[in-house]
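Peer 1: after the sequence you'll find the predicted model.
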Amino acid sequence: METIFSERPSENYQSTILIVDDDEINRGILDNLFSSDYVVEEAENGKVGLQKILSDPEAYSAVLLDVMMPEMDGLEVLRCLEKEGLLERLPVFLITAEASDATMKEAYRLGVMDVISKPVVPYIVLRRVNSVVELFRARKRLSNVVEQQQSELLEKAQKIIELNQGMIVALSTAIEFRNGESGEHVRRIHDITEFLLSNTPLGDRLGNEEIQNIALAAIMHDVGKIAIPDAILNKPGRLTAEEFAVMKQHTIQGAFLLERIPQLREHKFYRYAYDIALHHHERWDGNGYPDGLKGEEISLGAQVVSLADVYDALSCKRVYKDAFPRETVIKMIQGGECGVFNPKLLECFFSVEEKLSRLYKKTDEEDYHGYF
């Protein structure tokens, strides 16, 4: 029956053993013993040996270490290697004639693989060293396989995330096409939301993942418009009171739709998407809809998307109006003509509005791919 560990190391594997011993004769004996199977390097004391190891820990398959040496003894070398966390990756054998009980206890406590007494018995030393070297190689191969599998799983997970996000963008864009838009609106709302939360004090208490989830959720703020009749959604003139009452239902319909997509509910961004779809038309003074929320009752995400939505609507041409000049947009928002917003939100918004305005400095022929 084939054994797991042979007396010879695996083929086609570059193996190097470091022998650290101040006695030249001892180094010669060990060199002669291992040179047929390994590349052998030598160090005449612990200090030189430690320098060799620290300069390239991955270069060695094993270290044979004497205890009693000038400059730095074997236990001192072990303490340094243990401090650097190298003994978990590099097998070290203590080969010594001074194998007292205290020395052995200290060596094993520090993490030495084995203590071999001098004079060495060649076939025993070869078997013990080679078996451990093979064990470390097998463990490293297994670790590499696990890392590769983890990397592949992460890559697949990322593809699934990107696919889901693509479907979200596609759904939101399709709704924008119904509304006479090109789909760029939802992308700008995403970018404005992300930029405000990432580059102003608004997002100081938020982590990057939360900001990204809110920005992704912002894409779906008008998903409820899928339930609004085309005659109202695309009416070029002012809506009647009855028509506006129907239009306002898109907030409730959006939350209703999102709530009934089980796959979305599994994502971290879902709660933000539900809240933003339902509450992005609430107003700081309580005069918004559908719930008449007031002040801090409105979530930060819904507040930011609300302002981003107004800013984009004023800055772009719609079926019922032309785009307003930037100066007019600023005055309308400052004057409260488009709703009442959180003063802190407005302060942060106007501190970066000049950068946001670059979103609208492209020609009609250019495609929008994001500017931040």
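Peer 2: That came through, no problem.
Peer 1: and the strands in this protein, which stretches?
Peer 2: 16-20, 39-43, 62-65, 92-96, 114-117 (DSSP state E).
Peer 1: in its sheet, which strands sit next to the last one, and in what direction?
Peer 2: Looking at strand 114-117 with DSSP bridges, its partner strands are strand 92-96 (parallel).
Peer 1: and among the strands of the chain, the most buried is which?
Peer 2: Mean neighbour counts were taken over these using mean count of other C-beta atoms under 10 Å, and the top value, a mean of 27, falls to strand 62-65. Any C-beta I mention is one placed from the backbone N, CA and C, and that applies to glycine too.
Peer 1: by contact count, what packs against that one?
Peer 2: With contacts taken as 3 or more C-beta pairs under 8 Å, 6 or more residues apart in numbering; DSSP states H and E, strand 62-65 sits against strand 16-20, helix 46-55, helix 74-83, strand 92-96, helix 122-178.
Peer 1: mind doing that once more with 7 Å?
Peer 2: If contacts are counted by 3 or more C-beta pairs under 7 Å, 6 or more residues apart in numbering; DSSP states H and E, strand 62-65 sits against strand 16-20, strand 92-96, helix 122-178.
Peer 1: just to revisit the earlier point, quick one: closest of the strands of the chain to Ile298.
Peer 2: strand 92-96 (62.9 Å; C-beta to C-beta).
Peer 1: what's that closest one in contact with?
Peer 2: 62-68, 74, 78, 81, 107, 112-116, 118, 120, 129 (C-beta atoms under 7 Å, 6 or more residues apart in numbering).
Peer 1: tell me how many other residues surround Val48.
Peer 2: The number of residues packed near Val48 is 16, by other C-beta atoms under 10 Å.
Peer 1: do you know the pLDDT at it?
Peer 2: Turning to Val48, the model gives it a pLDDT of 94.
Peer 1: gap between it and Pro70?
Peer 2: As for Val48, its distance to Pro70 is 11 Å (criterion: C-beta to C-beta, to the nearest Å).
Peer 1: got it, and Ile232?
Peer 2: On the measure of C-beta to C-beta, Ile232 and Pro70 end up 92 Å apart.
Peer 1: equivalent analysis for Leu345, please.
Peer 2: 71 Å.
Peer 1: who's more crowded, those two?
Peer 2: Leu345 (19 against 10).
Peer 1: what about the helices in the stretch 201-350 of the chain?
Peer 2: Counting by DSSP state H, counting those that start in this stretch, the stretch 201-350 of the chain has these helices, from start to end: 208-218, 230-233, 241-247, 249-259, 262-265, 270-279, 300-315, 326-334, 343-356.
Peer 1: so which of the ones you listed is nearest Thr200?
Peer 2: Per C-beta to C-beta, nearest to Thr200 of these: helix 343-356, 3.8 Å.
Peer 1: which ones are touching the closest residue in space to Leu356 that isn't next to it in sequence?
Peer 2: Once flanking residues are discounted, Leu356 sits nearest to Ile192: 6.0 Å by C-beta to C-beta, 6 or more residues apart in numbering. Counting by C-beta under 7 Å, 6+ apart, Ile192 touches 308, 311-312, 356.
Peer 1: closest one to Leu18 out of those residues, please.
Peer 2: The closest of the contacts of Ile192, once distances to Leu18 are taken by C-beta to C-beta, is Leu356, at 60.8 Å.
Peer 1: the strands of the chain: lowest mean pLDDT?
Peer 2: Among the strands of the chain, strand 114-117 scores lowest, with a mean of 84.
Peer 1: what's next to it, contact-wise?
Peer 2: By C-beta under 7 Å, 6+ apart, strand 114-117 touches 93-95, 97, 99, 104, 107, 125, 128, 132.
Peer 1: who wins for most neighbours among those residues?
Peer 2: Neighbour count (other C-beta under 10 Å) singles out Leu94 as the most crowded of these, with 27 neighbours.
Peer 1: and for the residue nearest to Gly339 when sequence neighbours are not counted, the neighbour number?
Peer 2: The spatially closest residue to Gly339, leaving aside those adjacent along the chain, is Arg283, at 5.0 Å (C-beta to C-beta, 6+ apart). Arg283: 21 surrounding residues under other C-beta under 10 Å.
Peer 1: distance of Arg283 relative to Asp291?
Peer 2: Taking C-beta to C-beta as the measure, Arg283 falls 11 Å from Asp291.
Peer 1: please apply the same query to Ser351.
Peer 2: 30 Å.
Peer 1: now swap in Ile252 and tell me
Peer 2: Distance of Ile252 to Asp291, given as C-beta to C-beta: 10 Å.
Peer 1: cool, and Ser55?
Peer 2: 67 Å.
Peer 1: which one of those two has more residues nearby?
Peer 2: Between Ser55 and Asp291, Asp291 has the larger neighbour count (other C-beta under 10 Å), namely 15 against 8.
Peer 1: dump the residue contacts of that one.
Peer 2: Asp291 makes contacts with 279, 282, as judged by C-beta under 7 Å, 6+ apart.
Peer 1: where does the stretch 251-372 of the chain have low pLDDT?
Peer 2: Where the stretch 251-372 of the chain drops to pLDDT under 70, the residues are 319-320, 362-372.
Peer 1: what about Arg326, how many neighbours?
Peer 2: Arg326: 16 neighbours (other C-beta under 10 Å).
Peer 1: just use 21 as the starting number from now, easier for me
Peer 2: Sure, I'll start numbering at 21, so the last one becomes Arg346.
Peer 1: quick check: closest non-adjacent residue to it.
Peer 2: Ser377 (5.5 Å).
Peer 1: might one say that the one you found is in contact with Glu347?
Peer 2: No: using C-beta atoms under 7 Å, Ser377 is not in contact with Glu347; the gap is 10.4 Å.
Peer 1: between the two, which one's more packed in?
Peer 2: When neighbours are counted by other C-beta under 10 Å, Ser377 and Glu347 differ, and Ser377 comes out ahead with 14 against 8.
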